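>>> could you work out the structure for the sequence below:
(2 chains)
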Amino acid sequence: MNNHSMEGRLRDALAAQAQTFSASPDAWQHIQAKAGLSGQRRGRPGPRGTGWLARHSAFVLPAAAAAAVAAVALSATAIAHGFPGTAGRGATARSSGEPASSTGPRAVTSNGCAGQPPVSPLPVWARTGFHPADQAMPQVMGEAGNIVAILWADRDALHSPPLQDRNNKILWVSRFPFTSYNPLVIKATLAGSTRTATVSVPGGPGPSIINLPAPGCWTFHLSWSGHTDELKLRYVP
Amino acid sequence: MTRPQPNPPLRPADDDVAVLFRGRYVEMVRLAGLLGADDPEDIAQEAFARLMRKGALDADPAPYLRAIVCNLTRNRHRHLRVVREKTPRAVSEPSPEQAAILREDHAEVIAALAALPPRRREAIVLRFWLDLSEREIATTMGVSPGTVKSQLSRGLAALAQALEAKA
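Numbers count the residues shown, from 1 in each chain, chains lettered A, B, ... in the order given. Here you go, the predicted model:
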């Protein structure tokens, strides 16, 4: 057997074997218990503060490892939509379709596109980690009320192209408790066009950086762990 | 309007570990599993807990995390070796699910891999599953790149020999 075929067999077998190992939904609680943290720190994973934002880029996988991890840790759908190298939390969408035209998806009505997003206390189920818990935050709620997008600026939070000095940060919080760590898949459609983009947030709802290819009102079709919702967010130039 | 700023109740390092957990936990479970850990989740959880207790993270904490997983798995193997000497039946074997999922040719490769010495197996998994460079593997294993090269070469030779013997 030559080295090339040996290595190929090895890679295939390791990838297949890796798939047989999965994560339990209460892993985060076990970790916190092992770490000896107090009850205050226990809860579902998902940083709620600002610390993760500044250091976000540190968690992007090296390109070579990302390809391997993406093959086993991310869904085939996410990979098919063109994100094999973005296994970190940040993602730049790959777009498809045509430039803006007069025909396209339905009219923009959601509050995420109608002016600035509302700044108000978060729903109770999304307050974990915020102190004070009822402080006002810029946010856009999904139409079904299953997910909230928390923004980090009360005016023009999202830009396309992204600003040099600020990322398009969105903290996604699901109403439902975690049962798995499947990715949050976002299929975005630009209003007034057939232009679409797909982004996968590894690990499910949580902190993310969502860059989209054009300014305008984007409808986000969100799906995660068997749940779905839809909301609109405006990206400004 | 004043921009609202939430005050994180977690230490910054905890926040970072939470982000890392989301992105890396499954990878670490699988790494421990591929290295032959009898309880890969326990290893991965302990690795994250140690990272959390560390208090501060490096710019890229992934190598540190991988190193903990490798060390813990190696220690676990040592422990199991002692257990096996006393209770021969306590040998970890693939679960029925794993056996059912793996194709026969994959199973042969995995069985041959399991027969390698732990260090050799580590080098092989880090190289051919995670696609790490020899330098990255050396950092993870705490050895020199030359040692990695040697472990990879000998590991591949041993695998080829084992598989040819079965052919």
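>>> where does the chain dip in pLDDT?
Just so you know, I chose chain A. A:1-4, A:37-111, A:128-132, A:178-181 (pLDDT under 70).
>>> actually, chain B is the one I wanted.
B:1-16, B:55-59, B:81-104, B:167.
>>> care to break it down by domain?
B:10-92, B:94-167 (automatic domain parsing).
>>> most packed of those domains?
Among the domains of chain B, the stretch with the highest mean neighbour count (mean count of other C-beta atoms under 10 Å in any protein chain shown) is domain B:10-92, at a mean of 20. Yep, even glycine has a C-beta here, placed from its N, CA and C like the rest.
>>> just checking, A:Trp172 is part of a strand?
Yes. Counting by DSSP: H, G, I helix; E, B strand; the rest coil, A:Trp172 is found in a strand.
>>> would the strand or helix carrying B:Ala165 count as contacting chain A?
Per DSSP states H and E: B:Ala165 is located in helix B:145-166. Yes. Applying C-beta under 8 Å from any C-beta of the partner chain, one finds helix B:145-166 in contact with chain A at B:156, B:159-160, B:163-164.
>>> run through who's touching that helix.
Helix B:145-166 has contacts (C-beta atoms under 8 Å, 6 or more residues apart in numbering or on different chains) with A:1, A:3, A:6-7, A:9-10, B:108-109, B:112-113, B:115-116, B:119-124, B:127, B:134-135, B:137-138, B:141, B:143.
>>> restricted to helices, list these.
A:3, A:6-7, A:9-10, B:108-109, B:112-113, B:119-124, B:127, B:134-135, B:137-138, B:141 (DSSP state H).
>>> so B:Ile124 touches B:Leu113, yeah?
Yes. Counting by C-beta atoms under 8 Å, B:Ile124 does reach B:Leu113; the two are 6.4 Å apart.
>>> list the residues that are in contact with both of those two.
A:10, B:159.
>>> got the domain ranges for chain A?
According to automatic domain parsing, the ranges for chain A are A:1-43, A:50-235.
>>> which strands and helices sit next to the lengthiest helix in chain B?
Secondary structure of chain B per DSSP H: the longest helix is helix B:62-86. Secondary-structure packing of helix B:62-86 (3 or more C-beta pairs under 8 Å, 6 or more residues apart in numbering or on different chains; DSSP states H and E): helix B:12-34, helix B:40-54, helix B:118-128, helix B:134-141.
>>> relative to helix B:40-54, how tilted is that helix?
Between helix B:62-86 and helix B:40-54, the angle comes out at 130 degrees (axes from the mean of the first three to the mean of the last three C-alpha atoms, to 10 degrees).
>>> can you map out the strands along chain A?
A:90-92, A:94-96, A:119-121, A:136-141, A:147-151, A:169-174, A:184-190, A:196-201, A:207-211, A:216-224, A:227-235 (DSSP state E).
>>> on that earlier part again, of the helices and strands packed on helix B:62-86, give the one that comes closest to A:Leu231.
Smallest distance to A:Leu231 across the helices and strands packed on helix B:62-86 (C-beta to C-beta): 21.2 Å, for helix B:12-34.
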